[in-house]
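J.: need a structure here:
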Amino acid sequence: MPQELESVVQRIQQLLGEAPLTWERPLPKRLYVTLRREDVVGVAKKLYEDMGCRFTTATGLDIGNELEVIYHFQYDAVGLVINLRVRTPKADGTLPALTPTVPPAEWIEREIMELLGVKFQGHPRPERLILSDDWPEGVYPLRKDVKA
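T.: As a prediction, the model looks like this:
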């Protein structure tokens with residue numbers, strides 16, 4: 001299995017080419033890839049369509065002046081988790097939507113939209129999913145600057 005795992009990691013590195021800003025591998029079966037906003041959809045498409053990776057979820061974080069979204073993919077044959085990190089300035093808050101390319105991302109992108117305020121450009125259904133209809137516009141409960 002270790003040789004097969006290394007072969008999969010090498011294949012991913014070759015497939016993604018120059019797109020990643022950074023690669024981190026803190027554990028043998030965990031790979032973090034940091035990307036520019038303009039590269040995230042193409043990289044996700046390669047993992048999802050070309051490699052057959054399974055999209056599992058995404059995580060949204062307020063990290064001060066930026067918002068970070070981490071898309072989690074799984075290559076089940078070897079148990080490898082690939083995390084795609086992408087950031088946007090909080091003042092801008094826009095990222096390209098993965099949903100048109102990776103349909104299972106639809107609901108989690110909608111959750112991140114309304115709870116963290118990331119605007120996913122090109123998302124086919126940008127309406128609310130969790131918060132009530134009378135929730136104030138522009139108030140995002142998972143941002144650090146929102147008072148409980």
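
J.: Which positions within stretch 7-23 qualify as buried?
T.: Across stretch 7-23, burial judged by 16 or more other C-beta atoms under 10 Å covers 8-9, 12, 16, 19-20. The C-beta positions use only the backbone N, C-alpha and C, and glycine is treated the same way.

J.: Could you export those residues as CSV, including secondary structure?
T.: CSV is the format used below for the buried residues of stretch 7-23 (DSSP: H, G, I helix; E, B strand; the rest coil):
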residue, secondary structure
Val8, helix
Val9, helix
Ile12, helix
Leu16, helix
Ala19, coil
Pro20, coil
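
J.: Among these, which one sits closest to Gly79?
T.: Proximity of the buried residues of stretch 7-23 to Gly79 was ranked by C-beta to C-beta; the top entry is Val8 with 9.9 Å.

J.: Excluding chain neighbours, what is closest to the closest one?
T.: Leaving aside its chain neighbours, Val8 sits nearest to Val78 (5.2 Å; criterion: C-beta to C-beta, 6 or more residues apart in numbering).

J.: For that neighbour, give me its contacts.
T.: Residues in contact with Val78, defined by C-beta atoms under 8 Å, 6 or more residues apart in numbering, are 1, 4-5, 8, 29.

J.: Mind telling me what element Leu61 is part of?
T.: Assigned by DSSP states H and E, Leu61 belongs to strand 54-62.

J.: With that, I have no additional questions.
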